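Chemist: My questions concern the predicted model and sequence given below.
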Amino acid sequence: MDNVKYSNVIFSGKILLLSGLHIGGSDSGVKIGGIDSPVIKNPISGLPYIPGSSLKGKMRFLLEHYYQVVPSSGDISSPMHNGKRNEVAIVFGHMEHANLKFQSYPTRVIFRDSNITGAVENIGSCEGPVLTQPVLDIATAKMKMNSLFVEGKTEVAIDRNTGTVKQKGGGLRQVERVPAGTVFDLEIVLRVFDNNEKDEHLKIIKQGLKLLQNDALGGYGSRGGGRVKFFDLKVDDQALDLNDIAL
């Protein structure tokens, strides 16, 4: 690589849930009559969190479709796509390290797990790039919702011919979600190995954040779940407004 000078760029901010979020966890402790599909939780605190892998995976999926560099069926991600350098694969990592046909690149981006910092009561008034609503601390928020940041949502399978619950396999089931209004922290680290590529990779991450905000995170996105909004975003010490990011 030319012009090599290793450095880090830190993206930081908050993730506000605008609708319930489901990222599945272990169901080994599920009992009869209990939740069928629990969310992933920290085993020490008992609080839900957003794995960095979930943020990274969904953002990569959206960016690969946006840049039209989706690997063909059965193929693995490559730093080259249709004869051109695939920057999405270079930023997020690729699996061609053992293939001497391509140059091997280190993964450029690190997604930290996002932990709960509190909750807001009035998400309807949350507009703009800065979170103006006061964030209730974890203890106060737990007391108000009378739970450890979880809710149960009933799901059924509908027969599209009759508009009623399917007779087979359509029974009620309880899906656990993190409720709307919950606030998580956010940290993404961009590793810069070549200053010549820094601006392009910054642009890709910013676009990925906007694409994710326009889409959904976790399961049941097509049914209204997983809608998120990023607030108080900063790139190092500079404020970032996703409304300024062109798609």
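Modeler: Happy to help now that I have it.
Chemist: same question for the helix or strand harbouring Gln213, mean pLDDT?
Modeler: Assignment of secondary structure by DSSP states H and E places Gln213 within helix 198-214. In this model, helix 198-214 has an average pLDDT of 98.
Chemist: With stretch 50-68 instead?
Modeler: 97.
Chemist: thinking again about what came up before, which residues touch the helix holding Gln213?
Modeler: For helix 198-214, contacts defined as C-beta atoms under 8 Å, 6 or more residues apart in numbering pick out 9, 11, 55, 58-60, 62-63, 66, 87-88, 90-91, 108-109, 188, 190, 192, 228-230, 233, 235, 240, 242, 245, 247. Yep, even glycine has a C-beta here, placed from its N, CA and C like the rest.
Chemist: Go through these and flag which are in helices.
Modeler: The members of those that map onto helices under DSSP state H are 55, 58-60, 62-63, 66, 87-88, 90-91.
Chemist: Adding distance to Lys5 and neighbour count, write those residues out as a markdown table.
Modeler: A markdown table is the format used below for the ones in helices among the contacts of helix 198-214 (distance: C-beta to C-beta, whole Å; neighbours: other C-beta atoms under 10 Å):
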| residue | distance to Lys5 | neighbour count |
| --- | --- | --- |
| Leu55 | 27 | 25 |
| Lys58 | 31 | 19 |
| Met59 | 26 | 25 |
| Arg60 | 26 | 20 |
| Leu62 | 30 | 19 |
| Leu63 | 25 | 22 |
| Tyr66 | 29 | 16 |
| Glu87 | 19 | 19 |
| Val88 | 23 | 26 |
| Ile90 | 17 | 24 |
| Val91 | 18 | 24 |
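Chemist: Looking at those residues, which one is closest to Pro43?
Modeler: Distance to Pro43 across the ones in helices among the contacts of helix 198-214 (C-beta to C-beta) is lowest for Leu55, with 20.3 Å.
Chemist: Spatially, which residue comes closest to that closest one, not counting chain neighbours?
Modeler: By the measure of C-beta to C-beta, 6 or more residues apart in numbering, the closest residue to Leu55 outside its immediate chain neighbours is Phe111, 4.9 Å from it.
Chemist: so who does the spatially most central residue of the chain touch?
Modeler: Centroid check for the chain by C-alpha atoms, centre = their mean gives Leu55 as the closest residue, at 2.9 Å. Contacts for Leu55 were tallied using C-beta under 8 Å, 6+ apart; they are 111, 114, 188, 212, 217.
Chemist: Sweet, I'm off.
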